[in-house]
Every structure is written in structure tokens, then in C-alpha cells.
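Q: this one's sequence-less:
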Ligand SMILES: Nc1ncnc2c1ncn2[C@@H]1O[C@H](COP(=O)(O)OP(=O)(O)OP(=O)(O)O)[C@@H](O)[C@H]1O
């Protein structure tokens, strides 16, 4: 009989089992299932469309049974529909309000190979490729470009493809390296918190967070730690750009209505990866302090990597010798806090805080992955802390994790950090190594000592990000909003104005104007609202004081100064179609290095951008729109209608109803014939339109 090697047999069985995936099927239902089986899908409420999600398929074979969906609520639909790693769309067979019932039995597919044969080797192969990146690249200059014909946006060597997600402090974009076409994640973090909000870190802690994250990522190079490729930190920019390895599986999806989404085998596999990453970090003297499923990202080979080092602790002289007060700070996520962090008992000494807090959080994370809920739950933080410290751990009976599973969880979630299991012990625990063909090889291959120790010094943390000087910030704002001089502005002066002059160059009259112009611009932005408020308060008070306020806020005259076409301004002909642009939403915050010259004609287009936004983009109630989160890029003169159109569409969508203002814009743009990126109307057309010029 013909003897075939094991791997060939495995591939053959995968092909036979999944023949419909490979050969197609005439049955529509089957096709639907197959499509859904290949990728996780997300329902997009705005378009009522199913879209393929960035997340890679997980490990088939995790769910046997029926998944049904019958007239689920809207809020439920907005979340991903998940069934194991597969998603059923409510819109797939009929759109809004339809019901859909599907059942199937999963079969092991090609993605389960890693699971049974240990994905460690694949992860290592992938890791080798990443190592070709070498040292983290540090770039001190940022150049942003927008190709108006294709609508493509670029930051240095990367094209911005889409947005992956947003965190508390920044956002993450999917980027594509222009030369290699490799996908990367670009994390954009403000160097300082712009508008500190209640419950948000203040400016200095934000700076510290960014610095720590960069300093750690620069040094920590490990297959289970998200890899940093480049830091783009332009001193003239208020943001820092971290170019990271793209984790196309996204965050681990582990729960739906408090039910687990992962099989025990998947949870175990992910757990092993986190143990390796964490062991490496501890070896390097780093306590992560925020281990939880949301900070664990999946790569294409379903290898899990630790991310988000914003609250990590960096020991100066090895973890064992430290007993820093810094460690006592309760940073991280309460549900994953170790008992020693929740200590409220004044009669008993608080146990020493060490890297064991990460081991607890790892236990809590494993609990989440296995059972779809946190080990301790409460409605208030106080109650939660009390439970974490005093309540015995209850391990659910399903799914069945065996005695060794119970033992491991009990030891990970030991209330006393001195008896808590260590990571070295975890790696040899029977539950961890179950199913591993050669666990000794794994333990040897993942020994952190092999990678050598790196040190992250305080100096490195302190110098991880260049700060934007106050002066620079002022200048960048000034040039962004600077508008052509008027006689009135020439003679105006204010205390801030003169102090600014003293600080810099008294002879520079154009700079002397700047603060007035700047504040004028800001006033202009909020003018309509203030006018309304002022007249309201005048009405209420019946007095005259508020009238002065209104007069003070008189609308500045719009004067476009676009003698030259943007393309002709570019010195490099190759760049003729690629204009320099601000970042997606940093339009009102920063300009790139080359825009700093007051003589730059790009500056004028920025002035125009501002005016366009302040005029064209009011909320229907008259409030100026907050473009800090919305603007995709700076406008140039012939893009104005296009952006306005897009805004119209967006507003109109989100506000159905009859708003004449927006319908008027719509009519105007449609009559212009090309309500798309091809529109070639100029801003003057736009402002001559009776509706828009009436503002
Ligand atoms: N390298 C990456 N590859 C793919 N997705 C990523 C990557 N880094 C972050 N993400 C995703 O981008 C989103 C935002 O990430 P970010 O770290 O800014 O937010 P966060 O995890 O909520 O952090 P924070 O606690 O700082 O707010 C998250 O959904 C995260 O999963």
C-alpha cells in the first residue's frame, strides 16, 4: 500500500473535508456558509452591509452545534455576530429586520494544524521574517502626502489604508509600506493630552505613557511581544507615530454574553504564548501591569502577542531587588488587579508587590478565555476589590478543564503572591503542556535567557519622545490658521501678542500679528455658537453688555489667496500630484515640518481649509463641528466641494430629516455635476453660492 507522509495525509484530509471551500458549491446556502466560514464578518449598521473583518479565521473545529439568529435587537447586531470563530450575518439573507437560522457542524480545517502540532514553529518562522527588520528605525521628520486623484494618503513611506481602531489616547491605522507592500499598524499618539477630560490621564501622565511604551517596545524584541519597526517623532509634530507589526487577527475575541467563544484547546494555545511573552518581559525587568485579553493581539499564524505597555513598570536593577513605591500604584484594569493591589486591610501588612501581579492577571485572563467571564465580578470597584481579596475562587464546571486545569487556575489566582505559581512553573504545568508533542523543545526554545538581557534605562524612557515646545506649538497653530492681513489686524495688539514678540523676534511683524490672528481664528470657529449664546444672554438680561461681545466676534472676511496652483508649488515634479497633508484628524493641531515657513503658499490653503470648515461645516443647530475627530485630511482648493459633499452625506445620513441648509449644499454640488472626488469646482464657487455665502 502507498505510504504517504503524515503532513500530506493531513492536507488531503483538509481538502476532502473542506472540498466545498476549494471547489465551490452550487448550493447558495452552502456558499453563504463557506464565505462565513472563511472570515469573520461584521455587520455595518450605517450601510447595512456585511464586511469582511480584519480578523483572521480562528481555529475551526471549535464549535459543534447550531447557531441561530431570529430578530435580534439592534444593539446586539451592532456587535459582531460570533459563533466560535464564525459569524452569521443578520443581513445576509434579507437585510434589516430579517431573521436567519443556520446550523452546521464544524470540521477541522486548515487552520487547526497549528493547534494540534503546536503553532510554535510557525510563529518562529514568522518571527525570523520580523527579525529582518533589525533595529528599530528612528525618524525625526514626518512627511504627509495626499494624492488627490487616487485619494490615497501617505505618511513617510507608508500608505494609510484604513483605521484599525482607537484607544483612550490615540488611534491605530492600517498602513502599507510603499516599497514592499507589507502591512503594518501605525499607532498615532498625541504627545500630550489635548483636552484633558474627567477620568482621563493628564498631560504629564500621557507623556509618560508614550515614553514608556516606546522605550519598552524599542528594546523588547520577542515573538510574543508586538514588534516595533519605526518611531516617527518629528519635533515639530504634536504626535508620535509608532509603526508596529500588524496583528491581523486583532484582539482576542473571547466572550459573547458572558459565554466563552474559545475552545479549551485554543485558550491553552493562546495562554502558552502569553506565558512566553510575559516570561521574557519579566526577565527584562518589565512588569506589564495590564495583562488582559484586550491587550493580547493575534497574528496571522494565530500566535498571540502582548501589546500596550503604557502603564508598564520598568525596574532599574532587576525585579527581585525592587520594592519601588511606584509599584504600589494601582494602574491597569480593576477586574484583573491582584489582591495585593486591592489591599484595604489596615490590620495586616500588604504583601510585597512584584511581577506576581502579572501572574494573577494572566490567571484572570485564562479564566476569561476559558469561561467567557472574569473570575470576580461586582457592580462597584469597592465590592470588586473586596471579592478579589476575600472571596474564594469558583471555577465553573463547563467547559470541563480537568483536575490539572483547576490546579493551574487555583495556583495562578492564589491570593497570596508568595505562594502564587511562577511563570517557570506554569511552563511545566501538566495543563499547559498537554497535547504538546515535545514540550522540552518548547521550553528550551522559549527560554528568555537565550535572547539576552536588555536594559531600559530611565534616560531612555525620558528621551523616548521629543517634546513639542510651547513656541513650536504656537507657531504650528499660527501658520495653520493664519489668514491674510487686514489693516485692522495690522494695528491690533494684545498682551499675549507682545509677550510673544518678546519671546521671539521683535522685528518680525508678521509673527507679531500671529496671536491676534490665532485667537481670532478660534473665535471665528466658535463664533456662531457664541453669537447665539450672547444674544440669548442679552435677551435674558435685557442689557447691553452682551451686544459688545457679539460685535467683538464679528465674522472675519474671507479672502482666498490662491494665485498659484498647488501642483506648481511643489518643487519636486514627482510630487506634483501628491500634496502634503495633515494627518487624519490633526488638521487643527499641527502642521508638518515643511509648512512652517510663513511664506509658504501651502499656508494659504490651510487658511482656506479652516474657513471652509468653519463656514460649511456647521452642525444643523448652528454649532461649529468638532473636526478634531472628523477631518480626514487638509483640503486644497479644488477639493473643497468634494469634502463638503462627503460631509453633507455624512450629516444627512446621521440626521435624516429636512434640513434646507444641507439640501442646498447637495443641490449645489449635484448641479456642479460631479459630487465625487472628480469635482473640480473651486472654493470661490462654493462661497458665492447664496446658501453658503449667507453665513
Ligand atoms: N499592532 C497592531 N495590529 C493590529 N491592531 C492593533 C495593533 N495595535 C493596536 N491594535 C488595535 O487598535 C485598537 C486601538 O489600540 P490602542 O492600543 O490604541 O488602544 P487600547 O488597546 O484601547 O489602548 P489604550 O489602553 O492605550 O487606550 C485596538 O483595537 C487594538 O486591538
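A: Sure, I can see it. This is a predicted model, so every value here is computed, not measured.
Q: burial measure for the closest residue to the ligand within the stretch 101-250 of the chain, as a count.
A: Nearest residue of the stretch 101-250 of the chain to the ligand: residue 167, at 2.2 Å (C-beta to the nearest ligand atom). Every C-beta, even on glycine, is put in place using the N, C-alpha and C of the backbone. Neighbourhood size, residue 167 [other C-beta atoms under 10 Å]: 12.
Q: name the element the spatially closest residue to it that is not a sequence neighbour belongs to?
A: If you skip the residues right next to it in sequence, residue 167 has residue 308 as its closest partner in space, 7.8 Å away by C-beta to C-beta, 6 or more residues apart in numbering. For residue 308, there is no enclosing helix or strand under DSSP states H and E.
Q: Now do the same contact list for residue 190.
A: Taking C-beta atoms under 8 Å, 6 or more residues apart in numbering as the contact definition, residue 190 lies against 169, 170, 206, 238, 239, 589.
Q: Including secondary structure, neighbour count and distance to residue 282, could those residues go into TSV?
A: As requested, the contacts of residue 190 are exported to TSV (DSSP: H, G, I helix; E, B strand; the rest coil; neighbours: other C-beta atoms under 10 Å; distance: C-beta to C-beta, whole Å):
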residue	secondary structure	neighbour count	distance to residue 282
169	coil	19	25
170	coil	20	27
206	helix	22	26
238	coil	20	34
239	strand	23	31
589	coil	19	38
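Q: Filtering the residues you listed by proximity to the ligand, which remain?
A: Contacts with the ligand within the contacts of residue 190, counted by C-beta under 6 Å from any ligand atom: 169, 170.
Q: Please identify which of the contacts of residue 190 is nearest to residue 366.
A: Closest approach between these and residue 366, by C-beta to C-beta: residue 169, at 27.6 Å.
Q: what's residue 454 sitting at in phi/psi?
A: Note on residue 454: backbone dihedrals following degrees, to the nearest 10 are phi -120, psi 150.
Q: What is the neighbour count of the closest residue to it other than its chain neighbours?
A: Using C-beta to C-beta, 6+ apart and skipping the chain neighbours, the partner closest in space to residue 454 is residue 219 (4.3 Å). Residue 219 is flanked by 19 other residues according to other C-beta under 10 Å.
Q: Tell me the spacing between residue 219 and residue 208.
A: 17 Å (C-beta to C-beta, to the nearest Å).
Q: does residue 270 sit in a helix or strand, and which one?
A: Secondary-structure assignment from DSSP H and E places residue 270 in helix 264-283.
Q: Which elements pack onto the very next helix or strand once past that helix?
A: Towards the C-terminus, the helix or strand next in line after helix 264-283, according to DSSP H and E, is strand 286-287. Packed against strand 286-287 by the contact rule (3 or more C-beta pairs under 8 Å, 6 or more residues apart in numbering; DSSP states H and E) you find strand 313-314.
Q: If we use 10 Å, what do you get?
A: The helices and strands touching strand 286-287, judged by 3 or more C-beta pairs under 10 Å, 6 or more residues apart in numbering; DSSP states H and E, are helix 203-219, helix 264-283, strand 313-314, helix 356-371.
Q: Take the ones you listed and lay them out in JSON lines including mean pLDDT.
A: What follows is the helices and strands packed on strand 286-287, written out as JSON lines (pLDDT from 0 to 100):
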{"stretch": "helix 203-219", "mean pLDDT": "78"}
{"stretch": "helix 264-283", "mean pLDDT": "95"}
{"stretch": "strand 313-314", "mean pLDDT": "86"}
{"stretch": "helix 356-371", "mean pLDDT": "97"}
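Q: And the pLDDT for the spatially closest residue to residue 385 that is not a sequence neighbour?
A: When the adjacent residues along the chain are set aside, residue 385 lies closest to residue 342, with 3.6 Å between them (C-beta to C-beta, 6+ apart). Among the per-residue scores, residue 342 shows a pLDDT of 91.
Q: what's near enough to touch residue 342?
A: By C-beta atoms under 10 Å, 6 or more residues apart in numbering, residue 342 lies in contact with 330, 334, 350, 376, 381-382, 384-390.
Q: how near is the residue nearest to residue 454 to residue 130?
A: Applying C-beta to C-beta, the value for residue 219 to residue 130 is 15 Å.
Q: How about residue 429?
A: As for residue 429, its distance to residue 130 is 29 Å (criterion: C-beta to C-beta).
Q: Was I right to think residue 432 contacts residue 275?
A: Yes: taking C-beta atoms under 10 Å as the contact criterion, residue 432 and residue 275 are neighbours in contact, 7.0 Å apart.
Q: joint contacts of these two?
A: Between them, residue 432 and residue 275 share these contacting residues under C-beta under 10 Å, 6+ apart: 366, 426.
Q: one step back: of residue 429 and residue 130, who's got more company?
A: With neighbours defined as other C-beta under 10 Å, residue 429 and residue 130 compare such that residue 429 has more, 17 against 13.
Q: Which residues are in contact with that one?
A: Taking C-beta under 10 Å, 6+ apart, we find residue 429 in contact with 275, 404, 405, 407, 408, 411, 412, 421.
Q: how far away is it from residue 403?
A: Summarising the geometry, the distance separating residue 429 from residue 403, computed by C-beta to C-beta, is 12 Å.
Q: repeat for residue 427
A: Following C-beta to C-beta, the distance that separates residue 427 from residue 403 is 19 Å.
Q: just residue 292 next, same as before
A: If you go by C-beta to C-beta, the gap between residue 292 and residue 403 works out to 26 Å.
Q: Could you check which of those two has the larger neighbour count?
A: Between residue 292 and residue 403, residue 292 has the larger neighbour count (other C-beta under 10 Å), namely 20 against 9.
Q: For the nearest residue to the more buried one once chain neighbours are set aside, the count of nearby residues, please.
A: Leaving aside its sequence neighbours, residue 292 sits nearest to residue 336 (C-beta to C-beta, 6+ apart; 4.8 Å). For residue 336, the count of nearby residues is 28 (other C-beta under 10 Å).
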